[in-house]
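**Q** I'll drop the sequence and a predicted model, then ask my questions.
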Amino acid sequence: MRHGGNGPPLLLLHGFPQTHVIWHKVAPQLAERYTLVMPDLRGYGDSDKPPSQTDHAPYSKRTMALDAVELMRSFGFKRFFVCGHDRGGRVAHRLTLDHPQCVARLMVLDISPTLAMYERTTMDFAMLYYHWFFLTQPEPLPETLIGANPGFYLRNKLAGWGSPGTALFDPRALAEYERCFTPAAIHAMCEDYRAAASIDLEHDRADVQAGRRVECPLHVLWGERGVINKLFTPIEDWQSRSRHAVSGRTTPTGHYIPEEASDLLSAQVQAFFAD
């Protein structure tokens, strides 16, 4: 976890299979205008990896969102901006629903809502996002298979989703992702995805039934070469979950927007959170 900077608080949440290091290119620019808090999500990086349960609740987005709220409170921040990439965007979505008083504005990167993506699963989606169905398999199947060659699996995931291979990653960042891709982290990441396919969907469906939506302004960016752009409609998908008109655009990237287009992301963040 890293924090620092000057200005209003901004929580940055990374995704799979990475750590807070994903923000290393954009953070220096944003720290001039915001106080940044960049944690490793529960189970990722150097964060705690507690035992799970049969319902996977310890790795639910509800639990991870509460982690984030409690972390921000520890710094004295009761209300803040949030930007989440990939899994971090799903945690940010849940945080905004469960703790609407905490989030002034929300930005999500290269995702559509989890429930919408599962409900619209097609053959193309299952092939391109096979990990959504592989990582959810019962323990210890995915853990064992990934553990046979974790470096290969990690680099294979980082090289996909419309991004031009691992060459786009700073070697120091890639080394950090590899350092953190431990057996304990691999299991925790599987639990993250198992939760997403079970208890998280229960929470999402309960929100839809109760009419709960994101109450703050919402901005979405997604890579033009990525799976989200190919198979989903991010503005429309998020509009169905928001009370405000959702803004957003594509970026000339694949999935890893913070590392592929840091200048563009910095400009988008500053424009949206300055309104």
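**A** Perfect, thanks for sending it.
**Q** make it CA atoms for all contacts and neighbour counts henceforth
**A** OK.
**Q** Cys102 against Arg73, yeah?
**A** No - using Cα atoms under 8 Å, Cys102 is not in contact with Arg73; the gap is 9.7 Å.
**Q** so for those two, which sits in the more crowded spot?
**A** Counted by other Cα atoms under 10 Å, Cys102 and Arg73 do not tie: Cys102 has more neighbours, with 20 against 13.
**Q** which SS class is the residue nearest in space to the middle of the chain?
**A** With distances taken as Cα atoms, centre = their mean, Gly88 lies nearest the centre of the chain, 2.2 Å away. Using DSSP: H, G, I helix; E, B strand; the rest coil as the criterion, the local structure at Gly88 reads helix.
**Q** quick check: the gap between it and Met64.
**A** Going from Gly88 to Met64 by Cα to Cα, to the nearest Å gives 9 Å.
**Q** who touches both of those two?
**A** Leu41 (Cα atoms under 8 Å, 6 or more residues apart in numbering).
**Q** in a strand, Ser47, correct?
**A** No - with three-state DSSP as the criterion, Ser47 is assigned coil and is not in a strand.
**Q** tell me, what's the model's pLDDT at the nearest residue to it once chain neighbours are set aside?
**A** Sequence neighbours aside, Asp40 is the residue nearest to Ser47 in space, at 5.7 Å (criterion: Cα to Cα, 6 or more residues apart in numbering). Per-residue pLDDT puts Asp40 at 98.
**Q** picking up where we left off before, I'd say the residue nearest to the centre of the chain and Leu13 touch.
**A** Yes - with contact defined as Cα under 8 Å, Gly88 reaches Leu13; the gap is 4.5 Å.
**Q** which residues do those two both contact?
**A** With Cα under 8 Å, 6+ apart as the test, Gly88 and Leu13 both reach Leu41.
**Q** just to revisit the earlier point, so what's the residue nearest to Ser47 up against?
**A** Applying Cα under 8 Å, 6+ apart, the residues near Asp40 are 1, 13-14, 19-20, 46-47.
**Q** and it, how far is that from Arg105?
**A** Taking Cα to Cα as the measure, Asp40 falls 21 Å from Arg105.
**Q** check the gap between Ile235 and Leu13 for me.
**A** Going from Ile235 to Leu13 by Cα to Cα gives 20 Å.
**Q** ok, the two, which is more surrounded?
**A** Applying other Cα under 10 Å to Ile235 and Leu13 shows that Leu13 carries more neighbours, namely 27 against 19.
**Q** where does Val82 sit: helix, strand or coil?
**A** Val82 is classified as strand under three-state DSSP.
**Q** residue contacts, it?
**A** Contacts of Val82 by Cα under 8 Å, 6+ apart are 10-13, 92, 103-107.
**Q** and the residue lying closest to Lys230 once chain neighbours are set aside, what does it touch?
**A** What sits nearest to Lys230 in space, not counting adjacent residues and going by Cα to Cα, 6+ apart, is Glu224, at 7.9 Å. Going by Cα under 8 Å, 6+ apart, Glu224 touches 230, 250-254.
**Q** if we go to 10 Å?
**A** Glu224 is in contact with 110, 162, 230, 249-255, counting by Cα atoms under 10 Å, 6 or more residues apart in numbering.
**Q** pick out the most distant pair among those.
**A** Gly162 and Arg249 (16.5 Å; Cα to Cα).
**Q** quick one: which of these two has more around it?
**A** Between Gly162 and Arg249, Gly162 has the larger neighbour count (other Cα under 10 Å), namely 18 against 13.
**Q** I figured the more buried one hits Thr253, correct?
**A** Yes - the pair Gly162 / Thr253 is scored as a contact, 7.4 Å apart, by Cα atoms under 10 Å.
**Q** ranges for the strands of this protein?
**A** 2-5, 9-13, 35-38, 80-85, 103-109, 218-223, 247-251 (DSSP state E).
**Q** looking at those, which is nearest to Pro28?
**A** Pro28 lies closest to strand 2-5 among these, at 8.5 Å (Cα to Cα).
**Q** what packs against the closest one?
**A** On a contact count with 3 or more Cα pairs under 10 Å, 6 or more residues apart in numbering; DSSP states H and E, strand 2-5 meets strand 9-13, helix 27-30, strand 35-38.
**Q** gap between Pro113 and Asp46?
**A** To Asp46, Pro113 is 27 Å away according to Cα to Cα.
**Q** hang on, the earlier thing: intersection of neighbour lists for Cys102 and Arg73?
**A** With Cα under 10 Å, 6+ apart, Cys102 and Arg73 have common neighbours Arg79.
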